[in-house]
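1. The following block contains a protein sequence and its predicted model.
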Amino acid sequence: MNIYVLLKRTFDTEEKIVVSDGRIEDEGAEYIINPYDEYAVEEAIKQRDEHDGEVTVVTVGGEESEKQLRTALAMGADKAVLINTEDDIENGDQVTTAKILQAYFADQEPDLILAGNVAIDEASGQVGPRLAESLGINYVTTITALAIDEDTAHIDKDVEGDVEKIATGLPLLATCQQGLNEPRYPSLPGIMKAKKKPLDELEIDDLDLEEEDVEAKTETIDVFLPPEKEAGRILEGEVDDQVKELVSLLKDEAKVL
């Protein structure tokens, strides 16, 4: 079984983030595998171990993404591919990424493509479905269980606190949600083996793409941190008076009425 995982390098939201002039400052920021993509890596390894085959992790980005690819290799993936856009694309978006991946997969024969449900930096959830549509393959989002029987995938899909049971054929692209599995930590032997596993690097020219093919369809106007929460206010007095005061505050101060 040919299994691929779409991986993204994201900043660690558990660490301090500094935003300057609408951009996150790289210096001092910690970067990790997008946490939802870790579920995809873990599930890919589990499916490979059950059905045999190979797991390839793929990312679109710069040289610095090699660290996250090596981490996925240390978890147990077999191969990694870095599609380096550092010198070719200054401002891309989800359409850009999906177009690049479409060109890459044109020469592959995937049985299963797994990705995170969303990336924690932009949380659009677009790349996986866009790629599946462009490849003309089945896709299911927010999966919390996956069992493959020959050419049929049996899936539990999270639907706003409930579960939808789905059966669909391969090839398949699925985006992974929390609850699907518990991602493993890279072991010391895994880290050592990862150094010898193949990591191929491609550029836009290798995929026969032109600049207009990967032109962004959106523009980021501004990036900013949310305002710090102010201290709450406790209303006192009779209930009727509290209600009147609350309505007044919502209307005159919060301006939500």
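-> Noted; the coordinates are in hand.

2. Strands of the stretch 51-200 of the chain, start to end?
-> For the stretch 51-200 of the chain, applying DSSP state E, counting those that start in this stretch gives strands covering 54-61, 79-84, 112-116, 138-149, 152-159, 162-169, 172-176, 199-203.

3. Outline the domain layout of the chain.
-> 2-214, 227-257 (automatic domain parsing).

4. which residues of this structure score low on pLDDT?
-> The model of the chain has pLDDT under 70 over residues 21-23, 26, 28.

5. still on that earlier bit, please identify which of the strands of the stretch 51-200 of the chain is closest to Gly237.
-> Minimum separation from Gly237 across those (Cβ to Cβ) falls at strand 162-169, 42.8 Å. Every residue, glycine included, has its C-beta placed from N, CA and C.

6. From Asp162, how far out is Gln178?
-> Counting by Cβ to Cβ, to the nearest Å, the gap from Gln178 to Asp162 is 15 Å.

7. okay, the two: which has more neighbours?
-> For the pair Gln178 and Asp162, the greater number of neighbours falls to Gln178 (15 against 7), based on other Cβ atoms under 10 Å.

8. In space, what's closest to that one - neighbours in sequence excluded?
-> Tyr39 (6.8 Å; Cβ to Cβ, 6 or more residues apart in numbering).

9. Please name the residues that touch the one you found.
-> Tyr39 is in contact with Gly116, Cys176, Gln177, Gln178, Leu180, Asn181, Pro183, counting by Cβ atoms under 8 Å, 6 or more residues apart in numbering.

10. what's the answer for Val58, then?
-> Per Cβ under 8 Å, 6+ apart, neighbours of Val58: Tyr4, Val5, Leu6, Leu7, Ala80, Val81, Ile83, Leu101, Tyr104.

11. Can you flag the buried ones in the residues you listed?
-> With neighbours counted by 16 or more other Cβ atoms under 10 Å, the contacts of Val58 contain buried members at Tyr4, Val5, Leu6, Leu7, Ala80, Val81, Ile83, Leu101, Tyr104.

12. Kindly reformat the residues you listed as a markdown table containing distance to Phe224.
-> Output for the buried ones among the contacts of Val58, formatted as a markdown table (distance: Cβ to Cβ, whole Å):
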| residue | distance to Phe224 |
| --- | --- |
| Tyr4 | 35 |
| Val5 | 32 |
| Leu6 | 28 |
| Leu7 | 27 |
| Ala80 | 34 |
| Val81 | 34 |
| Ile83 | 30 |
| Leu101 | 29 |
| Tyr104 | 34 |
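
13. Of the residues you listed, which is the nearest to Ala123?
-> Nearest to Ala123, judged by Cβ to Cβ, of those is Leu6 at 15.3 Å.

14. Tell me if I'm right that that closest one and Arg130 touch.
-> No - counting by Cβ atoms under 8 Å, Leu6 does not reach Arg130; the two are 11.1 Å apart.

15. Point out the most buried one among the strands of the stretch 51-200 of the chain.
-> Ranked by average neighbour count under the criterion mean count of other Cβ atoms under 10 Å, the strands of the stretch 51-200 of the chain are headed by strand 112-116 at a mean of 28.

16. Strand partners (parallel or antiparallel) of that strand?
-> Using DSSP bridges, strand 112-116 pairs in its sheet with strand 2-7 (parallel), strand 172-176 (parallel).

17. what angle do the longest one and strand 79-84 make?
-> Meaning strand 2-7. Put simply, strand 2-7 runs at 40 degrees to strand 79-84, going by axes from the mean of the first three to the mean of the last three Cα atoms, to 10 degrees.

18. and the angle from strand 2-7 to strand 54-61?
-> Following the same axes, to 10 degrees, one obtains 30 degrees for the angle between strand 2-7 and strand 54-61.

19. Could you identify the helix or strand that succeeds strand 2-7?
-> Moving toward the C-terminus from strand 2-7, the next helix or strand (DSSP states H and E) is strand 9-11.

20. Identify the residues contacting the next helix or strand after that next one?
-> Next along the chain after strand 9-11, taking DSSP H and E as the criterion, comes strand 19-20. Here strand 19-20 makes contact (Cβ under 8 Å, 6+ apart) with Glu25, Val223, Phe224, Leu225.
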